[in-house]
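Enquirer: Here's my sequence, what's the structure:
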Amino acid sequence: MLAGALLAVALPLVAAQAPVRLLVTVLDADGAPVAGLTREEFTLYLDGAEGEVLSVEPVEPAVQVVAIFEGLAATQRQTSAALTSFIASLSDDSIVDMQSVDGKLDAAIVQAVDDLHARGSSRPVIVMIGQATEIVPSELQSSQVRGKRQAADLSGDLDQLGRLQAEHGILFYGVSVTEVSLANFRTLAAGTGGHFEVIAAPTGLSDTLTAIGRELGTQYLVSYASDAATGTRPVLEVTRPGLRVRAAPFVPTH
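Expert: The predicted structure follows:
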């Protein structure tokens, strides 16, 4: 009886480490999302050594989207058609709300995060549509002219924006019609598991947004065992040839 009691006390001290999760998108050669993948088709590497994939689950396709709307690079008809195509590409239970930009782009993203948090959505997404612009001071002296809008990349504290979205499990996507490279937007989107596309003409808005919508409905949560002490970002591959994998840590705390 004494040995059994000692064993019962000792067992809780051996705690299994919680698995780490990745939000994963798999695309074929044409950029279309690939559904139906199983755990056996994923291979994970940590520090060059093969790790253990614990589970692969399809993510709930219904999303709650705040679309940050910018119309300077496209006509109202083009933007409306693109938005209609985007909504049609989402699952029937998805919700899309619109938000305009009034000032700095980072402030608009923070506002969208606050809105999504207030809704308590399990699949929150921010999508920027149209052209990334923000108000800059005008050189004119007239009191009637406070500023003008111009194409701009994301500024502000990018690390803080990334952490804020990660805490809420928010994916960030976008499509912008501009000649500006928008490297910061691309980096922010990639860090969440999303994607930011820059296109040359507004005629491509509908196709690009439709591709985003289909992607949102075909994603995976991949769990793996990890030694937290390594802090290594994993490399995830799929055994089927010709497929591309995008993966980002999924560790929401809100």
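
Enquirer: so what pLDDT did residue 60 get?
Expert: Per-residue confidence (pLDDT) for residue 60: 94.

Enquirer: Repeat that for residue 10.
Expert: On pLDDT, residue 10 comes in at 44.

Enquirer: just checking, residue 31 touches residue 211?
Expert: Yes. Counting by CB atoms under 8 Å, residue 31 touches residue 211, with 6.3 Å between them. Quick note: C-beta positions are derived from backbone N, CA and C, even for glycine.

Enquirer: higher neighbour count, the two?
Expert: Higher neighbour count among residue 31 and residue 211: residue 211, with 22 against 11, using other CB atoms under 10 Å.

Enquirer: who touches that one in this structure?
Expert: 31-32, 89 (CB atoms under 8 Å, 6 or more residues apart in numbering).

Enquirer: secondary structure element for it?
Expert: Taking DSSP states H and E as the definition, one finds residue 211 inside helix 205-216.

Enquirer: what mean pLDDT does that helix have?
Expert: Per-residue pLDDT over helix 205-216 has a mean of 96.

Enquirer: Enumerate the positions of the next helix or strand along the chain from it that are buried.
Expert: Going down the chain from helix 205-216, the next helix or strand is strand 220-224, by DSSP H and E. For strand 220-224, burial by neighbour count (16 or more other CB atoms under 10 Å) applies to 220, 222-224.

Enquirer: Closest one of those to residue 53?
Expert: Nearest to residue 53 out of these is residue 224 (CB to CB; 5.3 Å).

Enquirer: which residue ranges form the strands in the stretch 101-250 of the chain?
Expert: 124-130, 133-137, 147-151, 171-177, 196-199, 220-224, 235-238, 244-249 (DSSP state E, counting those that start in this stretch).

Enquirer: Could you report the neighbour count for residue 38?
Expert: The number of residues packed near residue 38 is 7, by other CB under 10 Å.

Enquirer: What is the neighbour count of the spatially closest residue to it that is not a sequence neighbour?
Expert: Nearest non-adjacent residue to residue 38, counting by CB to CB, 6 or more residues apart in numbering: residue 56, 6.3 Å away. Residue 56 is flanked by 18 other residues according to other CB under 10 Å.

Enquirer: strand partners of the helix or strand hosting residue 56, parallel vs antiparallel please.
Expert: Secondary structure assignment for residue 56, by DSSP H and E: strand 53-58. Strand pairing for strand 53-58, determined by DSSP bridges: strand 220-224 (antiparallel).
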